[in-house]
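Trainee: from the sequence below, what's the structure:
(one chain, ligands or ions: 2)
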Amino acid sequence: MDPHSLTDSVLASFDLGDTRRNQVISALIRHLHDFAREVSLSHAEWRAGLQFLTDAAAITDATRNEFSLISDVLGLSSLVDLMGSAPDATPGSVLGPFHVHGAPHCPNGADLQGAQPGQATLLQVELLSTTGTPIAAEVDFWQNAANGLYAQQDPEQPPHNLRCRVLTGPDGQLRLRTVLPQPYGIPGDGPVSQLMRLAGRSCMRPAHFHLIVAAPGHRTLVTELFLQGDRYLDTDAVFGVRPALIVPAVEVSDPAEAARQGMPCPFLRVACTLHLATTSSTSEPAPAP
Ligand code: BEZ
Ligand code: FE
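Mentor: Ligands and ions are numbered 1, 2, ... in the order given. Purely as a prediction, here's the structure:
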């Protein structure tokens with residue numbers, strides 16, 4: 001057996017009983033073997049790679065997944081998001097590790113800030129189909145707090161702080177009072193952060209809101225909104241930024257407008273429009289997480 005006939009033997013040994021599965025596993029084997037041949041992978045390098053994965057497994061638990069972080073910093077998550085985004089629709093962006101199922105239902109217009117510190121922010125999102133029709137949708141929303149931490153990273157925050165699910169009306173208008181999210185460093189205690197240090201890469205992510213927008217007849221959109229001017233927009237550790245997802249946070253200092261909006265004065269307004277593709281559009285919809 002030589003390095004090439006070995007690949008053929010491995011390919012022939014797999015039949016997963018399904019055309020698509022067979023396509024995926026065959027391509028994976030071919031690319032893995034081509035990779036090892038291309039770099040003439042040594043035994044020591046192969047063992048180092050396995051050790052990296054072993055270290056990732058050791059630090060992974062129900063609340064912390066180092067494997068999804070590997071996918072994120074290698075750009076694989078973003079590649080899958082981009083391939084799954086419909087051409088005329090708002091692009092998808094990384095789900096990240098801080099989404100939780102079962103966030104509390106809140107009325108549209110809810111105040112997520114309450115008494116916590118942070119710059120008061122009015123988030124106004126218009127949900128339209130790619131043909132411009134307003135969409136009634138369920139929006140799952142989450143973000144980090146003024147100290148840069150998500151609720152599950154910070155015992156000082158209530159478990160569902162700054163996360164909720166909201167139903168919009170048929171006008172497709174989502175409205176939330178919240179705080180300005182903060183730039184955030186991906187976890188710095190695992191093998192991924194060692195790799196980032198070795199590569200001289202920043203572990204920072206620009207500040208962002210997370211949204212999952214689900215509406216009947218439309219492809220579920222898993223995306224993020226970033227703030228114009230954020231210093232980490234060009235170096236996002238997980239490659240999540242797309243131009244269409246960068247929105248301004250505009251200071252409103254007119255007391256009459258603040259009163260009309262039920263906001264303190266001054267406040268920040270983040271307003272944008274998201275376009276959802278219909279389920280009949282090309283390529284497979286991203287399944288809801
Ligand atoms: C985040 O959205 O916070 C995140 C995304 C990917 C990796 C780590 C964090
Ligand atoms: Fe995040």
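
Trainee: how many residues are close by the residue in the stretch 1-150 of the chain positioned nearest to ligand 1?
Mentor: Distances between the stretch 1-150 of the chain and ligand 1 by C-beta to the nearest ligand atom are smallest at Gly96, namely 2.8 Å. Any C-beta I mention is one placed from the backbone N, CA and C, and that applies to glycine too. Gly96 has 21 neighbours, counted by other C-beta atoms under 10 Å.

Trainee: within the helices and strands, which one has it?
Mentor: According to DSSP states H and E, Gly96 maps onto no helix or strand at all.

Trainee: may I see the buried residues of stretch 62-77?
Mentor: Using 16 or more other C-beta atoms under 10 Å as the test for burial, stretch 62-77 gives 65-66, 68-73, 77.

Trainee: ends of it, how far apart?
Mentor: The first residue of stretch 62-77 is 19 Å away from its last residue (C-alpha to C-alpha, to the nearest Å).

Trainee: same question, stretch 242-259
Mentor: End-to-end span of stretch 242-259 (C-alpha to C-alpha): 34 Å.

Trainee: so Ser129 is in contact with Ala136, correct?
Mentor: No. With contact defined as C-beta atoms under 8 Å, Ser129 does not count as touching Ala136 (11.0 Å).

Trainee: more neighbours: these two, which one.
Mentor: Taking neighbours as other C-beta under 10 Å, Ser129 and Ala136 compare with Ser129 leading, 18 against 13.

Trainee: what pLDDT is listed against that one?
Mentor: The model reports Ser129 with a pLDDT of 97.

Trainee: so it bridges to which residues?
Mentor: For Ser129, the beta-bridge partners are Leu276 (DSSP bridges).

Trainee: tell me where the chain has helices.
Mentor: Applying DSSP state H to the chain gives helices spanning 3-13, 19-38, 43-59, 66-73, 76-83, 191-198, 255-261.

Trainee: so for the last one, what's the average pLDDT?
Mentor: To tie it back to what came earlier, the one meant is helix 255-261. 97.

Trainee: tell me which residues of it come out buried.
Mentor: For helix 255-261, the neighbour count (16+ other C-beta under 10 Å) marks 258, 261 as buried.

Trainee: now do the same contact list for the residue of the stretch 1-150 of the chain closest to ligand 1.
Mentor: With contacts defined as C-beta atoms under 8 Å, 6 or more residues apart in numbering, the neighbours of Gly96 are 72, 210, 224, 238.
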